[in-house]
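> mind looking at a prediction? Sequence and model below.
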Amino acid sequence: MPRIAEIEDTPNPNAMKFVLREPLTWGVAHSYENAEQAQGDALASALFAIEHVTNVFYVDRWLTVTQDGQTDWDQLVREIAEPLRAAPAASEQSAAAVFAARVSVADLSEEDQQRLSHIELMLDQEIRPYLQSDGGDLHVLGLAGNQLIVHYQGACGTCPSAISGTLRGIESRLRTIEPTIEVIAA
């Protein structure tokens, strides 16, 4: 049962980050924008059952919950803590479930796989740590020509600056290795 170590504000006023003492996953991110997407995930479903919860994102030792802005965080945090404490820790997950959640890039050409590998390395080293520290992340959905399609997760998914400033910052940084790349949020 994961215990909450800290609760942190994020740049998105409608999102709160919960830092945990034990991991919920081993590197597999779970991101849901509604209760329908969360079907089959007991923790996310329990969180969506709480009034005002609009987005759930968790990976490893942290969880970010976004609300609709219509309730007080003090009360909502208490409600979120209950299903979070009841969730199984990562040590209880099977290796098969972790493996099944990994995404394949088999549909890309060998050249594009190599390009994507360089892009992912830069994202892992220079971009994701900052997004994760603010309770969010991004997932690469695809690479087509000079367009990299990404999906924001967690607090970044509904943050007003994610689509403008953050997206342009990511694109600018990636252009040091791919001068014509265009980053598109989906």
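Sure thing, it's come through.

> hang on, Tyr152 in a strand?
Yes - according to DSSP: H, G, I helix; E, B strand; the rest coil, Tyr152 belongs to a strand.

> please point out which parts of the helix or strand containing Leu116 sit buried.
Using DSSP states H and E, Leu116 sits in helix 110-122. By neighbour count on 16 or more other CB atoms under 10 Å, the buried set for helix 110-122 is 115-116, 119, 122. For every residue, glycine as well, the C-beta is placed using N, CA and C.

> just give the nearest non-adjacent residue to His118, would you?
Excluding the flanking residues, the one nearest His118 by CB to CB, 6 or more residues apart in numbering is Ile177, at 5.7 Å.

> again with Ile80
Closest residue to Ile80 apart from its sequence neighbours, by CB to CB, 6+ apart: Val65 at 5.6 Å.

> partner residues bridging the one you found?
In this structure, Val65 bridges to Met16, Val56 when assessed by DSSP bridges.

> could you shift the numbering so residue one becomes 663, and keep it that way?
Right, with 663 as the first residue, what we last looked at is Val727.

> what residues does the residue nearest to His780 make contact with?
780-781, 784 (CB atoms under 8 Å, 6 or more residues apart in numbering).

> one more: Gln794?
Gln794 neighbours (CB under 8 Å, 6+ apart): 721, 724.

> next helix or strand past the host helix or strand of it?
Using DSSP H and E, Gln794 sits in helix 790-795. Counting by DSSP H and E, the element after helix 790-795 in chain order, helix or strand, is strand 798-806.

> show me what counts as buried in that following strand.
So strand 798-806, judged by 16+ other CB under 10 Å, has buried residues 798-800, 802, 804-805.

> the inter-axis angle of it versus helix 772-784?
160 degrees (axes from the mean of the first three to the mean of the last three CA atoms, to 10 degrees).

> mean confidence score for strand 798-806?
Over the span of strand 798-806, the pLDDT mean works out to 84.

> can you name every helix or strand that that strand contacts?
strand 715-721, helix 772-784, helix 790-795, strand 809-816 (3 or more CB pairs under 8 Å, 6 or more residues apart in numbering; DSSP states H and E).

> and these as CSV, adding distance to Gly831?
Output for these, formatted as CSV (distance: least, CB to CB, whole Å):
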stretch, distance to Gly831
strand 715-721, 20
helix 772-784, 12
helix 790-795, 9
strand 809-816, 12
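
> ok, which of these comes nearest Pro750?
Between Pro750 and these, the tightest spacing by CB to CB is seen for strand 715-721, at 12.3 Å.

> so how far is the closest one off the chain centroid?
Centre-to-centre, strand 715-721 and its host chain are 8 Å apart (CA atoms, centre = their mean, to the nearest Å).

> what does stretch 700-715 give?
16 Å.
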